[in-house]
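Peer 1: Pasting the sequence and the predicted coordinates here, then a few questions.
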Amino acid sequence: MIPVFKERLRTVNPVFDTFESLKTLQVNLGNLCNLHCNHCHMNASPSGTEIMDRQVMQLIADFLTRHPGTVLDVTGGCPEMNPDFLYFSEITKGCSPRRLLRSNLAIMAEPGWEWLPEFCRQQDWIIIGSLPCYLEENVDRQRGNGVYKKCIQVLKRLNSLGYGSEAELNLIYNPGGVYIPGSQSELEAAYKSEMLQRHGIRFNNLFTITNAPVGRFYEYLESNGSYSDYMQLLADRFNPVAAGNIMCRSLISVDWHGRVYNCDFNQALGMPVTSANGSALNISGLNISEMKIDKIVLSQHCYCCTAGEGSSCSGALVQ
């Protein structure tokens, strides 16, 4: 039997299940996406209907103004496809020292979206692009036929605009099967060598992220009978050194309604941070001290963040 994650975390250090301090505000602009990836924990797709509106976007800009120095980390779905993405970009510019845009890259090659690379450069977005492998067949198997070629086209365009040199461009690796990432430093070296030799592409950092047993990846595990084996793998590879660095100790996640979660995985599972009366906290008027009163909302899927080198939205936790 797999031990309860929360109890195992507390055996390492009793304070590891508490919120420490706010460093990153992660905002999910909705589940609308041009792709239908096999591993997506948000079940994002072209038919997504959960789309953040301008009212919630303004609340987020106000929050950032009240909490200077907070990193803004924007995700989806495909965040660029939110109809008010330009508005959101403009009202948050200058509100955060670092604004991260998590892009599937392929959107920037779609007809009608070719303006995105230049816009992101003008708006000083740091781009974190999803590229689960440097091999075409692996990427297309996971994300759809033709996606790899679109990503390569976009990465070349981003390089031409200064991304990977003057502007920060990072890539994300996530496993294409029922296993956890290997060494992030070794994978980064391999990616940089292969991308440069094959396509002349340069980027700054590679982040390795373990697939969470949530959403579409959970459905995949269940369909082939490997859910229990995967959970056992995550638990067996529990790393106490990674435990103290889990991202939910310094990050909060906001959904399209403005509701607050400890992470994007909890958001996908509908597990919000709640007040004393049981109601979900909202970004509107959120007092960070409220986050420190109650314990982080944890469950068994959290093992994905402490397996191996650990996993977070910024990659491995220990190397």
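Peer 2: Thanks, I have it.
Peer 1: which residues of the protein fall in strands?
Peer 2: Along the chain, counting by DSSP state E, strands occupy 24-28, 71-75, 99-103, 126-130, 169-173, 205-208, 251-254, 260-261.
Peer 1: Quick one, which of these gets closest to residue 39.
Peer 2: Nearest to residue 39 among the strands of the chain is strand 126-130; the distance by Cβ to Cβ comes to 9.7 Å. The C-beta positions use only the backbone N, C-alpha and C, and glycine is treated the same way.
Peer 1: So which elements touch the closest one?
Peer 2: strand 99-103, helix 147-160, strand 169-173 (3 or more Cβ pairs under 8 Å, 6 or more residues apart in numbering; DSSP states H and E).
Peer 1: who's in contact with it?
Peer 2: Contact with strand 126-130 is made by 98-105, 120, 143, 151, 154-155, 158, 163, 167-172, 174, 203, 207, as judged by Cβ atoms under 8 Å, 6 or more residues apart in numbering.
Peer 1: Show the buried residues in the residues you listed.
Peer 2: By neighbour count, with 16 or more other Cβ atoms under 10 Å, these hold 99-105, 120, 143, 151, 154-155, 158, 163, 167-172, 174, 203, 207 as buried.
Peer 1: Output the helices and strands packed on strand 126-130 in CSV; the columns should cover distance to residue 316.
Peer 2: Formatted as CSV, these follow (distance: least, Cβ to Cβ, whole Å):
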stretch, distance to residue 316
strand 99-103, 17
helix 147-160, 22
strand 169-173, 10
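Peer 1: how about JSON lines for the ones you listed, with distance to residue 91 and mean pLDDT added?
Peer 2: Putting these into JSON lines (distance: least, Cβ to Cβ, whole Å; pLDDT from 0 to 100) gives the following:
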{"stretch": "strand 99-103", "distance to residue 91": "12", "mean pLDDT": "98"}
{"stretch": "helix 147-160", "distance to residue 91": "24", "mean pLDDT": "98"}
{"stretch": "strand 169-173", "distance to residue 91": "24", "mean pLDDT": "98"}
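Peer 1: Please verify my assumption that residue 301 contacts residue 267.
Peer 2: No: the pair residue 301 / residue 267 is not scored as a contact, 12.0 Å apart, by Cβ atoms under 8 Å.
Peer 1: Could you report the neighbour count for residue 182?
Peer 2: 14 (other Cβ atoms under 10 Å).
Peer 1: List the contacts of it.
Peer 2: Residue 182 touches 208, 308, counting by Cβ under 8 Å, 6+ apart.
Peer 1: how close does it get to residue 248?
Peer 2: Remark: distance between residue 182 and residue 248 (Cβ to Cβ, to the nearest Å) = 24 Å.
Peer 1: pLDDT at the nearest residue to residue 51 once chain neighbours are set aside, what is it?
Peer 2: Leaving out its chain neighbours, the residue that sits closest to residue 51 by Cβ to Cβ, 6 or more residues apart in numbering is residue 30, at 4.0 Å. Note for residue 30: predicted pLDDT of 98.
Peer 1: Am I right that residue 30 is in contact with residue 48?
Peer 2: Yes: applying Cβ under 8 Å, one finds residue 30 in contact with residue 48, separated by 6.2 Å.
Peer 1: Give me the common contacts of those two.
Peer 2: residue 77.
Peer 1: which outside residues touch stretch 215-233?
Peer 2: 2, 37-43, 178-180, 211, 213, 268, 300, 303, 307.
Peer 1: again, 6 Å this time
Peer 2: 2, 39, 40, 41, 42, 43, 178, 211, 213, 268 (Cβ atoms under 6 Å, 6 or more residues apart in numbering).
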